[in-house]
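With the sequence up front, the predicted model follows.
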Amino acid sequence: MEGGSTDQDSVVSGTKKSSISSGGRVREQFLHRFTDSQILIAHLEDWFQTLEESSLNFDVPFELIDLQKFDYALEGVSFQQLIRMPSASYAAPSGTIEATAFLAIEDFLHASVKGLWEAFWNQNEPMPLAVACLYDANLKFYQAEKAIANGKLGGLCATGVMVNNPRHPHGKWHDILELALLRPGVESLAQDGEITSPSLSILGEALFYGVRILLSRSLRRAKNPSVLNSVFIILADCEYGGVVKVEGDLTKMEFDINNVYQCAADWIKNYSQVSVSPFDRIWNKLGNANWGDIGALQVLFATFHSMVQYAGMPINSIEDLAADHSSRLQTRRNERRLGELEIGINGNVNGNVGLFQLHNRSVSPEIVEVQEEPVIEEPQKPIKLEVGDVLLVEDSNWQKSYQINEVLNDGETPYYIAYSIEDTGKALFLYVGSHPSQLEPAWEDMKLWYQVQRQTKVFSIMKQNGLSSKYLPQLTMSGKIIHPGPCRKSSSRGNCDNPWCGTPILVTSPVGKTVADMVRLGQFGLDEAIKCCHDCLSALSSASSAGIRHGDIRPENIIYVTSSASHQPYFVLVGWGHAILEERDRPVMNLHFSSTYALQEGKLCSASDAESLVYLLYFSSGADLPELDSVEGALEWRDTFWSKRLIQQRLGDISAVLKAFADYVDSLCGTPYPMDYEIWLRRLKRHLHENGKEINTSS
């Protein structure tokens, strides 16, 4: 064994000091070859199997009483969490979620180290530590943001707390204080609150990195000998986490550079002490750090001990900071007792529950309930229209009267079918907005605003850009209601106190039955699905020429027009209130019909409307609506159904061209590539003609 025994003898006897340099070179070669965690894991399989068969549990690195004392010490420490951990599974194929997870774990560790340094060591001196992510290909460290920007996301494998080393910006392994591994499956280790051992694949990686860090440290002289003997590895996913501590005397390891993994495995089995903490929540379902919960406390305590290895014992000890817990508790009790006393006294005097005294004390109780006099405001009654009602509407040019013929609802807000008194033969859609006096509108009023004012703006922009298509709704009139009786408004632009005065109105054409109604009545068949796809793509193509995207495609926003004026029925894409006109606009979120990119990023890409149209065709053609209660669940459903090609299979039952269209959209999901509408309009038109279906594609 080349150099191995010489190095051991020099350490054990302390006499052969001349061999240290040669032993150091052997360790360097050993470390240089120790690079593959999977090979080490393979050498540990028999050891791990023996532990499982004998039901041996690992020791825990921290006692519960020590964690409790540490928790008391942290009562006055302020931690921040700037980036939320995504609540979706880290193993999901979305690059966005993976990137966010690495940014979040880096941010969490940075906030941990900063808070601990300022609380225990020195608040006035800059923190001498940094956090960076490990890139697997070259075992060097990079800031997560830079690594992601440089296309290294797929190779990131760990996140480390390190000593600042300006001479080596990519980090040296002996500068690592602790390492965090972001791995899926940690959640399964926290079942029903029981302490369970991690799988060999997860534990084996932790042991590999632990041994590698200890080997790197052993090549440097250390002021604190304990640095050479122990290291903490954090295991976490997007909800749970725990700590693995690897401890042992490396002088007892054989350094056979021709058999590095067997040597490391033998040392782990025979000479190391491995302890594993319970796995508990670190982040809540919103992705915020639960700083006071046991999962986060274990990680913080491991980080604290790692910092002690580098910086020595802190200026402020845990015992000193924890001792303040009793005084803080007593202060709160006194404040509460004082508050109760004052409330009782003042309650006997004037029945006003002591608010005056409580608000004038320099120290107030933790919670003060202020009894305010209720402000009684007369709520603005919404306009309720019934069949037969007549509305007089005024715009900048003329006045027109409309009579309500039918009251409808799109699932969120009411709208109406009406006829102009001057032309009773043409049915129109009439939308009534909320009263302009609503300065802080309710959610329903906001929906009315999108339905009326915002949609009016979109139609006006379409008109200015010369967009004309039979598959787009036409603006007939937009104005305000003129209420019966005298109007007492003070100016031409103001409104009087009449609840109808100034209420905005939007009138559009044509009128038709929604796809939602057709599906409910069993009238949306295969032929309708193909024609719906063609007509909606025509509408989207026309709007995209002016840079407008719909952003809210769903069965309630597509109507089927069968008026006698048209030779063939056709579909019209309505509901343009949430249309995207500029970069800052955000689409409405719909768990069933919104595109993947809209749910992930809160905005649309070029293929988003087409993706929503595919979902509409899929569900409207008989597929079951899944129970979706979160964005994460909706994204998971999309990923599963696209990857299993279930959407393409169902649309393929309708026609080959719809299956091909779904394939095309699948290839564009979330990409910046432009959507080619014309090629699909030509294919759909040809398909309809080949199957004997008449289609009028004139706009």
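Yes, it's here.

so what are the domain limits for the chain?
23-311, 385-486+495-511, 523-693 (the TED database).

Now render those as a markdown table, adding mean pLDDT.
Shown next, in a markdown table, are the domains of the chain (pLDDT from 0 to 100):
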| stretch | mean pLDDT |
| --- | --- |
| domain 23-311 | 85 |
| domain 385-486+495-511 | 85 |
| domain 523-693 | 92 |
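
Now distance to residue 517 and mean neighbour count too, for these, in TSV please.
C-betas here are computed from N, CA, C, even on glycine. Below are the domains of the chain laid out as TSV (distance: least, Cβ to Cβ, whole Å; neighbours: other Cβ atoms under 10 Å):
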stretch	distance to residue 517	mean neighbour count
domain 23-311	35	18
domain 385-486+495-511	9	17
domain 523-693	8	18
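
Distance to residue 320 added to these, as a markdown table?
As requested, those are exported to a markdown table (distance: least, Cβ to Cβ, whole Å):
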| stretch | distance to residue 320 |
| --- | --- |
| domain 23-311 | 8 |
| domain 385-486+495-511 | 50 |
| domain 523-693 | 43 |
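
Residue 317: which of those domains is closest?
Taking Cβ to Cβ, domain 23-311 is the member of those nearest to residue 317, at 7.8 Å.

mind listing the strands for the stretch 251-400 of the chain?
All strands of the stretch 251-400 of the chain, identified by DSSP state E, counting those that start in this stretch, fall at 272-276, 280-281, 390-394, 399-409.

Include distance to residue 72 when you put those into TSV, please.
Formatted as TSV, the strands of the stretch 251-400 of the chain follow (distance: least, Cβ to Cβ, whole Å):
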stretch	distance to residue 72
strand 272-276	23
strand 280-281	19
strand 390-394	68
strand 399-409	57
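
With respect to residue 513, which of those strands lies nearest?
strand 399-409 (10.0 Å).

Output the contacting helices and strands for that closest one.
strand 390-394, strand 414-420, strand 423-432 (3 or more Cβ pairs under 8 Å, 6 or more residues apart in numbering; DSSP states H and E).

can you give me how far the shortest one is from the chain middle?
The one in question is strand 390-394. How far strand 390-394 lies from its chain's middle: 46 Å, per Cα atoms, centre = their mean, to the nearest Å.

same deal with the last one?
Shown here is strand 423-432, whose average C-alpha point lies 43 Å from the average C-alpha point of the whole chain (Cα atoms, centre = their mean).

show me what contacts the closest residue to residue 555 other than its chain neighbours?
Spatial nearest neighbour of residue 555, excluding adjacent residues (Cβ to Cβ, 6 or more residues apart in numbering): residue 516 at 3.7 Å. Residues in contact with residue 516 (Cβ atoms under 8 Å, 6 or more residues apart in numbering) are 411, 554, 555, 556.

The first one in helix, strand or coil?
Three-state assignment for residue 411 (DSSP: H, G, I helix; E, B strand; the rest coil): coil.

Please tell me I have it right and it contacts residue 556.
Yes. Residue 411 lies in contact with residue 556 (Cβ atoms under 8 Å); the separation is 5.3 Å.

what's the helix or strand for the residue nearest to residue 555?
Assigned by DSSP states H and E, residue 516 belongs to helix 515-520.

Next: residue 496.
Here residue 496 is assigned to no helix or strand, by DSSP H and E.

I figured it was touching residue 487, is that so?
Yes. Contact status for residue 496 versus residue 487: in contact at 5.2 Å, counting by Cβ under 8 Å.

Need the pLDDT of residue 491.
We have a pLDDT of 60 for residue 491.

show me what contacts the one residue sitting closest to the centre of the chain?
For the chain, residue 86 is the residue whose C-alpha lies nearest the centre (Cα atoms, centre = their mean; 4.7 Å). Contact analysis of residue 86 by Cβ under 8 Å, 6+ apart lists 97, 100, 101, 104, 238, 287, 632.

could I get the residues you listed as JSON lines with secondary structure and distance to residue 508?
Formatted as JSON lines, the contacts of residue 86 follow (DSSP: H, G, I helix; E, B strand; the rest coil; distance: Cβ to Cβ, whole Å):
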{"residue": "97", "secondary structure": "helix", "distance to residue 508": "40"}
{"residue": "100", "secondary structure": "helix", "distance to residue 508": "41"}
{"residue": "101", "secondary structure": "helix", "distance to residue 508": "46"}
{"residue": "104", "secondary structure": "helix", "distance to residue 508": "46"}
{"residue": "238", "secondary structure": "coil", "distance to residue 508": "45"}
{"residue": "287", "secondary structure": "coil", "distance to residue 508": "42"}
{"residue": "632", "secondary structure": "helix", "distance to residue 508": "37"}
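
how about those, which pair is most distant?
104 and 632 (14.8 Å).

can you map out the helices along the stretch 551-699 of the chain?
596-601, 608-620, 631-643, 646-654, 656-668, 677-690 (DSSP state H, counting those that start in this stretch).

Reformat those as TSV; add distance to residue 73.
Shown next, in TSV, are the helices of the stretch 551-699 of the chain (distance: least, Cβ to Cβ, whole Å):
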stretch	distance to residue 73
helix 596-601	40
helix 608-620	50
helix 631-643	35
helix 646-654	54
helix 656-668	54
helix 677-690	63
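
out of those helices, which comes closest to residue 215?
Among the helices of the stretch 551-699 of the chain, helix 631-643 sits nearest to residue 215 (Cβ to Cβ), with 39.9 Å.

Report the backbone C-alpha coordinates of that closest one in CSV.
Extracted C-alpha coordinates of helix 631-643, given in CSV (Å, rounded to 0.1, in the frame of the first residue of the first chain):
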residue,chain,number,x,y,z
VAL,A,631,-51.6,25.7,-8.7
GLU,A,632,-49.1,22.9,-7.9
GLY,A,633,-51.8,20.3,-8.4
ALA,A,634,-52.8,21.8,-11.7
LEU,A,635,-49.1,21.9,-13.0
GLU,A,636,-48.7,18.3,-11.9
TRP,A,637,-51.8,17.3,-13.8
ARG,A,638,-50.6,19.0,-16.9
ASP,A,639,-47.2,17.4,-16.7
THR,A,640,-48.7,13.9,-16.3
PHE,A,641,-51.3,14.2,-19.0
TRP,A,642,-48.9,15.7,-21.6
SER,A,643,-46.1,13.2,-20.8
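
now the angle from that helix to helix 656-668?
Interaxial angle of helix 631-643 relative to helix 656-668 (axes from the mean of the first three to the mean of the last three Cα atoms, to 10 degrees): 130 degrees.

So which elements touch helix 631-643?
So helix 631-643, by 3+ Cβ pairs under 8 Å, 6+ apart, packs with helix 596-601.

Show me what the helix it packs on is packed against.
helix 95-116, helix 608-620, helix 631-643.

Out of the helices and strands packed on strand 399-409, flag the one nearest residue 200.
strand 414-420 (61.2 Å).

what angle do the closest one and strand 390-394 make?
Using the same axes, to 10 degrees: strand 414-420 against strand 390-394 is 80 degrees.

List the strands paired with strand 414-420, with their directions.
According to DSSP bridges, strand 414-420 forms sheet pairs with strand 399-409 (antiparallel), strand 423-432 (antiparallel).

In TSV: these, plus distance to residue 311.
Listed next are the strands paired with strand 414-420 as TSV, based on distance: least, Cβ to Cβ, whole Å:
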stretch	distance to residue 311
strand 399-409	66
strand 423-432	66
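
Which residue is the nearest non-sequential neighbour of residue 122?
In this structure, residue 122 finds its nearest non-sequential neighbour in residue 315, 6.6 Å apart by Cβ to Cβ, 6+ apart.

Ignore what I typed, I meant residue 683.
Closest residue in space to residue 683, ignoring its immediate chain neighbours: residue 657 at 5.2 Å, by Cβ to Cβ, 6+ apart.
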